[in-house]
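Engineer: any chance you can model this:
(one chain, ligands or ions: 1)
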Amino acid sequence: MPEIPLHRFRPALLACLAATSTALAQCEAGNLISNCGFEVDTAGWTTTWVDSLVRTTSAAHGGIASAETDARFSATSNLFLSQITTCVPVNPETNYGVQTFFKLVSGAIPSCSVGTVFIDALKCAGFLVGNQSTLPAAIDDQSWTRASGIAASPADALSVAVILTCQASLDFLVRQDDAFLAPAIFLDGFESSDLSEWSSSSP
Ligand SMILES: [Ca+2]
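Structural biologist: Down below sits the predicted model:
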């Protein structure tokens, strides 16, 4: 499958697989990504551009497993890329928070991001109607680095492709875990201690 840069995303190439109910049970409440943590397998994720995608229990941000990808060289961009994608149904005109965590295994230090491409059809099959990506985060092999952003779904959006991307000038091996998509007020699941959007009083 050819490389799919975010700005030239071709959603028709996506094959959105249904995640298992077992994987669903591992994700925190409110997370719209069915197989968020790769606890059982990598079902529901498309290998958009990698040499390999495997579940590993060698390291995890949450649970016992994470996804490990081996970057593939792209002659088009003259970079090594790792890019995997999952498809999520969404509501139109809604602000969605998206995030994931990356950790380097070996090789060059890549810049990584979590991106979103909204599509005016279910299962990410149809026309591109918008896209947005977070700023790249430089990751390392010492700790899990969080990449996040907020994206507004257009009026005709029915689904979104959530795209985990890393890139570097040399080859690398990277892990990703705890992918998250939800209406923006639930962005970090309270992990950041930012409670500014919440009130303890009744309306
Ligand atoms: Ca996990």
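
Engineer: who does Gly107 bridge with?
Structural biologist: Phe172 (DSSP bridges).

Engineer: pretty sure it contacts Ser82?
Structural biologist: No. At 10.3 Å, Gly107 does not count as touching Ser82 under the criterion of CB atoms under 8 Å. C-betas here are computed from N, CA, C, even on glycine.

Engineer: for the closest residue to the ion within the chain, give me the pLDDT.
Structural biologist: Nearest residue of the chain to the ion (CB to the ion) works out as Gly37 at 3.3 Å. At Gly37, the pLDDT value in this model is 97.

Engineer: and it, how many neighbours?
Structural biologist: Gly37 is flanked by 26 other residues according to other CB atoms under 10 Å.

Engineer: ok, it touching Cys27?
Structural biologist: Yes. Here Gly37 reaches Cys27: they are 6.4 Å apart, a contact under CB under 8 Å.

Engineer: ok, back up a step: list residues touching both of Gly107 and Ser82?
Structural biologist: Residues touching both Gly107 and Ser82 by CB atoms under 8 Å, 6 or more residues apart in numbering: 71, 172.

Engineer: so Phe102: helix, strand or coil?
Structural biologist: Secondary structure state of Phe102, per DSSP: H, G, I helix; E, B strand; the rest coil, is strand.

Engineer: can you name the residues that contact it?
Structural biologist: Phe102 is in contact with 112, 137, 139, 144-145, 147, 164, 166, 174-176, counting by CB under 8 Å, 6+ apart.

Engineer: how about 7 Å then?
Structural biologist: 112, 139, 144-145, 147, 166, 174, 176 (CB atoms under 7 Å, 6 or more residues apart in numbering).

Engineer: could you check which of Gly107 and Ser82 is surrounded by more residues?
Structural biologist: Ser82 (31 against 16).

Engineer: any idea which helix or strand carries that one?
Structural biologist: strand 79-89 (DSSP states H and E).

Engineer: make TSV out of the contacts of Phe102 and add distance to the ion, secondary structure and neighbour count.
Structural biologist: Formatted as TSV, these follow (distance: CB to the ion, whole Å; DSSP: H, G, I helix; E, B strand; the rest coil; neighbours: other CB atoms under 10 Å):
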residue	distance to the ion	secondary structure	neighbour count
Cys112	17	strand	25
Ile139	16	coil	25
Trp144	10	coil	19
Thr145	15	strand	16
Ala147	16	strand	24
Cys166	17	strand	29
Val174	14	strand	26
Gln176	9	strand	28
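
Engineer: between all of the residues you listed, which two are separated the most?
Structural biologist: Pairwise distances among these were taken by CB to CB; the largest, 13.4 Å, belongs to Trp144 and Cys166.

Engineer: relative to Trp45, how far out is Thr165?
Structural biologist: Separation of Thr165 from Trp45 (CB to CB, to the nearest Å): 13 Å.

Engineer: make that Gly126, sorry
Structural biologist: In terms of CB to CB, Gly126 sits 20 Å off from Trp45.
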